[in-house]
Every structure is written in C-alpha cells, then in structure tokens.
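Asker: Build me a model from this:
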Amino acid sequence: MLLLVLLATWVLFPFVLLLMELVVIALVAPLSVVAQIVLRRPWIIEAAPSDNARDRREWKCVGWRASGDFAETVAEKLQQGIPLPISGCSE
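Answerer: Okay, the predicted model is just below:
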C-alpha cells in the first residue's frame, strides 16, 4: 500500500502535471500565432553576426507574407555582402 502511495506521489502525479502543461502549450502556441495575424501585430525580423551579438539589426514587418519575403531579402543581402536596409518592410 505504501508503495502505491509513493508511486502515485513521485511518478504518476508529476507525469500527469507534465502532460497537462504540454497540452496547454500545444493549445496556446497556435492561438498566439493566429492572434498575431488577426490583430496585425508586427513580426520581428532579426539579423546578427555569429561572432558579435552587439551588431544586431532588427526590423518590424506587418503581415505573414510580407515578413517572410523581407526575411528572405535580408538573408539574400547578407549572403551577397550587400548593405542591409535601414527601414523595415512595407506592406
């Protein structure tokens, strides 16, 4: 009997709590993306060199497609050695 109580206390109860937490995360993550799209909040695009974290650039883009296109543009400019744009993306 004591073994069952210990098993429930130290194994089953934490496992159930972990499962509940994972379910909450699985529900909240997609809802936050949908809310960002519906409320038209800007997506943040960041570019930073791997050797110097202080030389980080950041742009804000409104819209799923516009932010994806702008991120691809930034990546292409970085690969080609072209200076990065100063302002953020346009809608």
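Asker: How about the contacts made by residue 35?
Answerer: Counting by C-beta atoms under 8 Å, 6 or more residues apart in numbering, residue 35 touches residue 41. (C-beta placed from N, C-alpha, C; glycine too.)
Asker: Against residue 72, how distant is it?
Answerer: Noted for residue 35: a distance of 24 Å to residue 72, by C-beta to C-beta, to the nearest Å.
Asker: likewise residue 23?
Answerer: For residue 23, the distance to residue 72 - C-beta to C-beta - is 34 Å.
Asker: Downstream of the lowest-mean-pLDDT helix or strand in the chain, the next helix or strand is which one?
Answerer: None of the helices or strands of the chain scores lower by mean pLDDT, DSSP states H and E than helix 2-7, at a mean of 80. Per DSSP states H and E, the first helix or strand lying C-terminal to helix 2-7 is helix 13-38.
Asker: how far is that following helix from where the chain is centred?
Answerer: From the chain centre to the centre of helix 13-38 is a distance of 14 Å (C-alpha atoms, centre = their mean, to the nearest Å).
Asker: per-domain residue ranges of the protein.
Answerer: Recorded structural domains for the chain (assignment: automatic domain parsing) are 1-39, 40-91.
Asker: Give the next helix or strand downstream of the one helix or strand residue 61 maps to.
Answerer: Element membership for residue 61, per DSSP H and E: strand 57-62. Downstream of strand 57-62, the next assigned helix or strand under DSSP H and E is helix 64-80.
Asker: Show me the contact partners of that next one.
Answerer: So helix 64-80 is in contact with 37, 42-43, 45, 47, 59, 61, 83-85, 88-91, going by C-beta under 8 Å, 6+ apart.
Asker: Quick check: ChimeraX command selecting the buried ones in these.
Answerer: This is the ChimeraX syntax for the buried subset of the contacts of helix 64-80, where burial follows 16 or more other C-beta atoms under 10 Å:
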select :43,45,59,61,88,89
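Asker: What about the contacts of helix 64-80, which are in helices?
Answerer: residue 37 (DSSP state H).
Asker: Tell me the pLDDT of residue 90.
Answerer: For residue 90, the model assigns a pLDDT of 60.
Asker: I meant to write residue 25 there.
Answerer: 95.
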